[in-house]
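Engineer: Need coordinates for the below:
(one chain, ligands or ions: 2)
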Amino acid sequence: MSVSLRSVAPFLRSARSSFRQSTTNPLVSLQRQTRSPIVNIARTYAVYQRTKPHVNIGTIGHVDHGKTTLSAAITKRQAEKGMASFLDYGSIDKAPEERKRGITISTAHIEYSTEARHYSHVDCPGHADYIKNMITGAASMDGAIIVVAASDGQMPQTREHLLLARQVGVQRIVVFVNKVDTIDDPEMLELVEMEMRELIGNYGFDSDETPVILGSALCALDGKRPEIGEQKIDELMKAVDDWIPTPERDTDKPFLMSVEDVFSIAGRGTVCSGRVERGVLKRDSEVELIGKGTEVIKTKVTDIETFHKSCEESRAGDNSGLLLRGVRREDLRRGMVIVKPGSVSAHSKFMVSMYVLTKEEGGRHTGFHENYKPQMYIRSADEACALHFPEGTEDAESKMVMPGDNVEMVATLHNPNAIEAGQRVTIREGGRTVATGLVTRIIK
Ligand SMILES: Nc1nc2c(ncn2[C@@H]2O[C@H](COP(=O)(O)OP(=O)(O)OP(=O)(O)O)[C@@H](O)[C@H]2O)c(=O)[nH]1
Ligand SMILES: [Mg+2]
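Structural biologist: Ligands and ions are numbered 1, 2, ... in the order given. Now for the predicted structure:
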């Protein structure tokens, strides 16, 4: 009995590539095309640092509190240690120019290292841009530095950014209380720190253990008053190294493959092909199939083929075909997921934070109302859905969502599917992308 999965491979490949094209997220591809000089410098530099664990972080916080100044100061300090290229304020704050070219890149991507790790750092210029970048996936953050000016204390965007960081799955943050050069009264500084600890606690971050560093980004950048300048940048980077965990590698997570195609091979059984999103699966492992209504199908993977060869295991990033024991072809369809038992369940109702594309970005020309019914693309699934305003929204009946808006809505799927908080989705209608979204909370 040795009919190879290879016989279906050519078909499998073409099916997959055409699917890819149809679901390529326009935001992501735009982002790829937009190469700023900063990114290129950073790339050249990054080559030397492959050996260190990589972490994505960024500066967030209220307008004018010193995010860009701090970002520049970090590169200056790390450059002095031979672990970055110095980027001055002007080269980081290129955002307005970049903004004209594409919709995602209104943030500068900066790279540097510490002794311990390699960082990609995003300096988020403004509120709306930050939200858009987080939702569209242009900026992914494993941790964040929240900047708050001692002269102002916490402001509306300090709170909104904390909330959004939490919603997109950031578990730990470090607080930098900036502009302490403008404050003479030590009690005032203590108060700012206390208030910040309380605030971050309200948003679910650890109020006691979270490091809070008090310093001046401007002094660090200008090489003045080292006790509140460069020394504080060193303390900040130490805190970031110690407090923000290195993200779990995809291969360490529970196995998940999204089904793109299903075949039956005479004499062998049913094969599902797709790209392995995370985890590692060994041959003869038990798995569950999720996405056929609320039913969970339990089965076993009796053979694995990756890159046209039968193999012992399939890992994150592989395109694999999995031979499933005792499952009928009719029970399977594209969009279902094959997962490690118990790791994922199907849901039909959840909150989704969306960025609605403008006409120029290829989106709708007009707004939409309550009970809007587009298609939702979730991994390889294409599901009918309905969007409603959250309960208690004022004037929900007449309210409109306009192109360019950020909005959080309740999505209801016609067919339940494997959904997790942090999952990115695409909202499409009549073959074009209308919005990109991020699942923030499961309801049902
Ligand atoms: N006195 C003092 N001024 C500072 C310090 N850090 C930044 N500034 C000043 O504060 C202003 C705003 O700084 P930015 O770094 O542009 O602030 P930002 O948070 O990036 O602002 P947006 O990107 O517009 O949200 C600038 O004039 C800086 O020179 C500091 O430590 N002390
Ligand atoms: Mg800025």
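
Engineer: Any idea what the closest residue to Gln78 other than its chain neighbours is bridged to?
Structural biologist: The shortest distance from Gln78 to any non-neighbouring residue, by Cβ to Cβ, 6 or more residues apart in numbering, is to Ala84 (3.6 Å). Glycine gets a C-beta too; all of them are placed from N, C-alpha and C. Here Ala84 sits in beta bridges with Tyr112, as judged by DSSP bridges.

Engineer: Now do the contacts for Ala84.
Structural biologist: Neighbour list for Ala84: Tyr45, Ile74, Thr75, Gln78, Glu111, Tyr112, Ser113 [criterion: Cβ atoms under 8 Å, 6 or more residues apart in numbering].

Engineer: wait, which of those residues is closest to ligand 1?
Structural biologist: Ligand 1 lies nearest to Ile74 out of the contacts of Ala84, by Cβ to the nearest ligand atom, at 11.9 Å.

Engineer: re earlier: and the two most separated of the contacts of Ala84?
Structural biologist: Among the contacts of Ala84, the pair separated by the greatest distance (Cβ to Cβ) is Tyr45 and Ile74, at 14.0 Å.

Engineer: Neighbour count: the two, which is higher?
Structural biologist: Neighbour count, other Cβ atoms under 10 Å: between Tyr45 and Ile74, Ile74 has more, with 29 against 17.

Engineer: Does anything pack onto the helix or strand containing that one? Which helices or strands?
Structural biologist: Using DSSP states H and E, Ile74 maps to helix 67-80. Helix 67-80 sits against strand 54-61, helix 89-92, strand 108-113, strand 118-123, strand 143-149, strand 172-178, helix 217-222, helix 230-243, with contacts defined as 3 or more Cβ pairs under 8 Å, 6 or more residues apart in numbering; DSSP states H and E.

Engineer: Any buried residues in it, and which?
Structural biologist: In terms of neighbour count (16 or more other Cβ atoms under 10 Å), helix 67-80 has its buried residues at Lys67, Thr68, Thr69, Leu70, Ser71, Ala72, Ala73, Ile74, Thr75, Lys76, Arg77, Gln78.

Engineer: If we only consider the residues you listed, which is nearest to Ile378?
Structural biologist: Lys67 (33.0 Å).

Engineer: Leaving out sequence neighbours, find the closest residue to that closest one.
Structural biologist: Once flanking residues are discounted, Lys67 sits nearest to Thr59: 3.9 Å by Cβ to Cβ, 6+ apart.

Engineer: residues touching the one you found, list them.
Structural biologist: Contact analysis of Thr59 by Cβ under 8 Å, 6+ apart lists Lys67, Thr68, Leu70, Ser71, His121, Val122, Asp123, Cys124, Ala144, Ile145, Ile146, Val147.

Engineer: who's it bridged to?
Structural biologist: Using DSSP bridges, the bridge partners assigned to Thr59 are Asp123, Ile145.

Engineer: Return the distance of it relative to Ala384.
Structural biologist: 40 Å (Cβ to Cβ, to the nearest Å).

Engineer: try Pro390
Structural biologist: Per Cβ to Cβ, Pro390 is found 21 Å from Ala384.

Engineer: do Glu111 as well
Structural biologist: Counting by Cβ to Cβ, the gap from Glu111 to Ala384 is 42 Å.

Engineer: can you check Thr75 too?
Structural biologist: 48 Å.

Engineer: OK, contacts around whatever residue of the chain ends up closest to ligand 2?
Structural biologist: The minimum distance from the chain to ligand 2, using Cβ to the ion, falls at Thr68 (3.2 Å). By Cβ under 8 Å, 6+ apart, the residues touching Thr68 are Thr59, Tyr89, Ile92, Asp93, Asp123, Pro125.

Engineer: who wins for neighbours among those?
Structural biologist: The most neighbours of any of those, using other Cβ under 10 Å, belong to Thr59, which has 27 neighbours.

Engineer: May I ask you to name the longest helix in the chain?
Structural biologist: Determined from DSSP state H, the single longest helix within the chain is helix 186-202.

Engineer: What are the contacting residues of the helix or strand just after that one?
Structural biologist: Where DSSP H and E defines the elements, the next helix or strand beyond helix 186-202 is strand 212-214. Residues from elsewhere that reach strand 212-214 (Cβ under 8 Å, 6+ apart): 150, 174-177, 180, 189, 193, 196-197, 228, 232, 235-236, 239.

Engineer: for strand 212-214, the distance to its chain's centre please.
Structural biologist: How far strand 212-214 lies from its chain's middle: 27 Å, per Cα atoms, centre = their mean, to the nearest Å.

Engineer: And stretch 373-384, by the same measure?
Structural biologist: From the chain centre to the centre of stretch 373-384 is a distance of 19 Å (Cα atoms, centre = their mean).
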